[in-house]
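In: Dropping a prediction and its sequence here:
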Amino acid sequence: MDKKKILILGAKGSLGQALSQVYADREVVGLDQAELDITDEKKVLEKIGEIKPSIIFNCAAYTNVDGAEKNKELVDKVNGLAVGFIARACKNIGAILVHYSTGMIFDGSNSEGYNEDDESKPVNYYGKSKLLGEQELQRNADMYYLIRTCWLYGKETNGKKSFPDIMLGLIDNLEINAVSDEFGSPTYVKDLAQSSRALVDLQKPCGVYHIINEGVASRFNWTQEIFKINNIEKKINKVDSTFFKRDAKRPRFEVLNNNKFIKLRPWQEALEEYLQSQK
């Protein structure tokens, strides 16, 4: 095992790219779907066995929440079973595995937010698949950090735009509608990546961590702040979660409480930095 080598799976995604920048001082190997099919156990064990990194960050995931309702077999493979394959490969070489999960493993009924050890009860198939991944991780890995986050955003990658860029793309519309009865903590990939490295560097105990930018917002609040930072005066209509036809149910409160690690800056500050960086 190379103690300086870092492996990032899902390297071309927004979080994968942010982690590559955070580890600019280390040897980083980045693999995406084209380089490694994580649902192929044999290939996963062979490839990770060849690279022999000291730390693996698994950012690879099926993230289309509505699409998950129609592609359950694929979603279970990518978000669930594949995590077990990666965990076993890590165990074989004595590597640390950092895996990312979501607030959608909870049912969203608790307005006070969810602690790291609260009972999971997903309300959609995406959440169920991510919970399966957590179970596979805990069953197969010796040394791991399971990081849950929510409402992640960053620069466009692989043609996927994050929420702030989607909303800014709507400014020429006569009306803009934003959901006001679903709540979470908008989290900047740069902050999550930096905190992920700090978690490992500080050699915190292995286990479950909630890492999010501090504070709570609805999609409506988030949109308001996006436009305010960009000095855009635009009427935003408050709508409830039934306004948009979506295949997957969303948890009303996808709010995570960070009780175990350094708290990140408020979501408004992180959002301002992101939006300024895009100009």
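Out: It's in.
In: where do the strands sit along this protein?
Out: Assigned by DSSP state E, the chain shows strands spanning 2-9, 27-31, 53-58, 96-102, 144-149, 152-153, 176-179, 183-184, 187-188, 207-210, 217-218, 236-239, 253-254.
In: Quick one: list the elements packing against the last one.
Out: Read that as strand 253-254. Here strand 253-254 touches strand 183-184, going by 3 or more C-beta pairs under 8 Å, 6 or more residues apart in numbering; DSSP states H and E. Heads up, the C-betas are built off the backbone N, CA and C, glycines and all.
In: Direction included, what does the strand it packs on pair up with?
Out: According to DSSP bridges, strand 183-184 forms sheet pairs with strand 217-218 (antiparallel), strand 253-254 (parallel).
In: pLDDT of the first one, averaged?
Out: It stands for strand 217-218. Taken as a whole, strand 217-218 has a mean pLDDT of 98.
In: neighbouring contacts of it?
Out: By C-beta atoms under 8 Å, 6 or more residues apart in numbering, the surrounding residues in contact with strand 217-218 are 178-186, 225, 267.
In: And the residue of the chain positioned farthest from its centre, how far from residue 235?
Out: If you look at how far each residue of the chain sits from its centre, by C-alpha atoms, centre = their mean, the farthest one is residue 174, at 32.1 Å. When distance is defined by C-beta to C-beta, to the nearest Å, residue 174 is 9 Å away from residue 235.
In: Please apply the same query to residue 129.
Out: 38 Å.
In: Compare the two (neighbour count), which wins?
Out: residue 129 (27 against 8; other C-beta atoms under 10 Å).
In: Not counting residues beside it along the chain, what's closest to that one?
Out: The shortest distance from residue 129 to any non-neighbouring residue, by C-beta to C-beta, 6 or more residues apart in numbering, is to residue 79 (3.8 Å).
In: isn't the one you found right up against residue 64?
Out: No. The pair residue 79 / residue 64 is not scored as a contact, 10.9 Å apart, by C-beta atoms under 8 Å.
In: Between the two, which has more neighbouring residues?
Out: A direct count of neighbours by other C-beta under 10 Å for residue 79 and residue 64 places residue 79 higher, at 27 against 15.
In: ok so, going back, between the strands of the chain, which has the poorest average model confidence?
Out: For the strands of the chain, mean pLDDT drops lowest on strand 2-9, to a mean of 88.
In: What lies in contact with that one?
Out: Strand 2-9 is contacted from outside by 16, 19-20, 23, 26-32, 36, 38, 48, 51-60, 86, 95, using C-beta under 8 Å, 6+ apart.
In: relative to strand 53-58, how tilted is it?
Out: Orientation of strand 2-9 against strand 53-58 (axes from the mean of the first three to the mean of the last three C-alpha atoms, to 10 degrees) gives an angle of 20 degrees.
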